[in-house]
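Student: Sequence plus predicted model, see below.
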Amino acid sequence: MSDYANIGIKLIELNGIVKSFPGVLANDHIDLEIRAGEILALLGENGAGKTTLMKVLFGLYKYDEGTIRVNGREKIFSCPGDAIDEGIGMIHQHFMLVRDMTVVENVVLGLPQSSPFKIDIAQAAERIAELSKKYGIKVDPYAYIWQLSVGEQQRVEIIKALYRDADVLILDEPTAVLTPHEVEDLFKTLRSMASIGHSIVFISHKLKEVMAIADRITVLRHGRIVTEFLPEETDVRQLARAMVGRDVLMNLERADCDIGDTRLELRDISAHGDRGHFAIKQINLEVHSGEIVGIAGVSGNGQCELLEVISGVRPSCEGSIYIDGREVTNWSPMRLRNLGLSVIPEGRLEEATIPGLSVNENFILKDHGTSEYSRSIVLRMDIVKKRPTDLCREYDVRTASMTAPLRTLSGGNIQKLILARELSGDPKVLIAAQPTRGVDIGATEFIRSTLLDRREQGMAILLISEDLDEILALSDRIAVMYEGEIVGIVEREEATLDKLGLLMVGSEISEEAT
């Protein structure tokens, strides 16, 4: 481990790093240094090359040109094991944990053991406890991963890296799925690590968090480093301008809208979760034309199941659902889509797209059987090519080719593709779950502006988000979920972070908070 005397020295130097993929130059002669005892933030739009650069450093990608030096010595990493041996750890945006194994089993997984026939679990658990105490990371070594919250799972990933003697820790979008309280806990851990000489590379799109945690901020755009800041010498607007190359609207204007007829209505809706318990209980809610209703809550309080019930993916066991006054309870997703319901699900790669298919094919994924795209069983290839190309242009979806696999697109461009597809049929009701999670500030501005535009045009929108700033910026009314129930509905003008925070943890609101 690094000692206090080494704080500030160059641990890692990247010189002239070039990494390209077919049709894309991801890293264009990048020079970067990582110093001991600092938290270095990497900022940039989706596709700017941040994660690619760190995957090069971690040995996941082989670079085309350049050199990597660790403690002054040139190194070639052919796999992550080589990087780990040099004290480099990486925590990916999507955790690499086995849900049905315990914390200690996940931590020692893949490590050489003293005996080929038996793993000393007790000894490993004792080491985990020592690391937990040293860094203030509360982890139960014998808990199963499926029993842990997202924030607790992230702690396990950090413990895994520290267990392997990581001096440099790379975190890719570490706060994307955390609650505000979990973010505070993570920042305490990172500051503790940096204070004793560890280096932290913090990849994020959240500018306020970067300003709060970073010692130094490096901004990438189109595969190049364009500038570097110290937090005390810059502000959020300047960072956004450096990332995107233009001024970004930090506060969107919301026009006053006339609230119209009820488009979506839930009456006493209940449904079981995957383990047989009630995931949502007696939900009553209305969403009107020209209105955005936000659903706030800590992850795991029934928001996902609510979306699935409304969209026909999960059956309800009680209650009724109405669209435009017509009962649609437990209808199939296709029937609901034909009636005017569109859905932007939470998992853009797992639920909304097929990464191995082309950009074109993902655009027509839900509608390829309609008369717009096919005659009988034959696709109308002229429309299949033209319509998605027009939508790409309209929604600023940047891709090297319409026939390129979707997985080659950045997260923000994939999210804009989903938005374009779901809005292309002018639905009456849109359910948008975490629409800007993990996307850059430019794409966030575009997506939020588009939702507000559709609201003005009379669409009914149900917004499910764990980003309270997003909920407050877009919603006309805010419903808060706790343990599967709606525990309060707050008008936008009366909503505050304190009030929503109390409701999110199931606390009653005092007169002082109102």
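Tutor: Alright, I've got the coordinates. All of these numbers come straight from a predicted model, not from anything done at the bench.
Student: pLDDT at Ser299, what is it?
Tutor: Predicted confidence (pLDDT) for Ser299: 77.
Student: That one against Val150, yeah?
Tutor: Yes. Using CB atoms under 8 Å, Ser299 is in contact with Val150, at 6.0 Å. All C-beta spots, glycine's among them, are computed from the backbone N, C-alpha and C.
Student: State the number of residues packed around the closest residue to Gly442 other than its chain neighbours.
Tutor: Of all residues not flanking Gly442 in the chain, Val244 sits nearest, at 4.3 Å (CB to CB, 6 or more residues apart in numbering). Each residue near Val244 was counted by other CB atoms under 10 Å, and the total is 18.
Student: wait, isn't Val244 in contact with Glu45?
Tutor: Yes. Contact criterion CB under 8 Å: Val244 and Glu45 qualify, at 6.3 Å.
Student: what sits in contact with each of the two?
Tutor: Arg221, Asp440, Ile441, Gly442 (CB atoms under 8 Å, 6 or more residues apart in numbering).
Student: Okay, Phe58 and Val183: tell me how far apart.
Tutor: Distance of Phe58 to Val183, computed by CB to CB, to the nearest Å: 24 Å.
Student: who has more neighbours, those two?
Tutor: For the pair Phe58 and Val183, the greater number of neighbours falls to Phe58 (21 against 17), based on other CB under 10 Å.
Student: Just to check, that one is in contact with Ile170?
Tutor: Yes. The pair Phe58 / Ile170 is scored as a contact, 6.4 Å apart, by CB under 8 Å.
Student: CA atoms only for stretch 154-165, dumped as CSV, please.
Tutor: Provided in CSV are the C-alpha atoms of stretch 154-165 (Å, rounded to 0.1, in the frame of the first residue of the first chain):
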residue,chain,number,x,y,z
GLN,A,154,-20.6,-1.5,-4.3
ARG,A,155,-18.8,-1.7,-1.0
VAL,A,156,-18.1,-5.3,-1.7
GLU,A,157,-16.5,-4.3,-5.0
ILE,A,158,-14.3,-1.8,-3.2
ILE,A,159,-13.4,-4.5,-0.6
LYS,A,160,-12.5,-6.9,-3.5
ALA,A,161,-10.1,-4.3,-4.9
LEU,A,162,-8.5,-3.5,-1.5
TYR,A,163,-8.2,-7.2,-0.7
ARG,A,164,-6.0,-7.5,-3.9
ASP,A,165,-3.8,-4.6,-2.6
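Student: and it, how far out from the chain's middle?
Tutor: 21 Å (CA atoms, centre = their mean, to the nearest Å).
Student: Name the residues that touch stretch 481-499?
Tutor: 278-285, 295-298, 301-303, 305-306, 468, 472, 475-480, 500, 503-506, 509, 513-514.
Student: Please pick the buried ones from those residues.
Tutor: 278-281, 283, 285, 295-298, 301-303, 305-306, 468, 472, 475-480, 500, 503-504, 509 (16 or more other CB atoms under 10 Å).
Student: which ones among these are found in helices?
Tutor: Counting by DSSP state H, the part of the buried ones among the contacts of stretch 481-499 found in helices is Gln303, Glu305, Leu306, Leu468, Leu472, Leu500, Leu503, Met504.
Student: what residues does the worst-scoring helix or strand of the chain on mean pLDDT touch?
Tutor: For the chain, counting by mean pLDDT, DSSP states H and E, strand 378-379 ranks last in confidence among helices and strands (a mean of 70). Contacts with strand 378-379, where a contact means CB under 8 Å, 6+ apart, come from His368, Tyr373.
Student: Helices of the stretch 401-514 of the chain, start to end?
Tutor: For the stretch 401-514 of the chain, the helices defined by DSSP state H, counting those that start in this stretch occupy 411-423, 441-456, 468-474, 497-504.
Student: Relative to Pro427, which of the shared contacts of Val244 and Glu45 is nearest.
Tutor: Of all the shared contacts of Val244 and Glu45, Gly442 has the smallest distance to Pro427: 25.1 Å, by CB to CB.
Student: the strands in the stretch 1-150 of the chain, which residues?
Tutor: Using DSSP state E, counting those that start in this stretch, the strands of the stretch 1-150 of the chain run over 10-21, 24-35, 39-43, 65-70, 73-75, 88-91.
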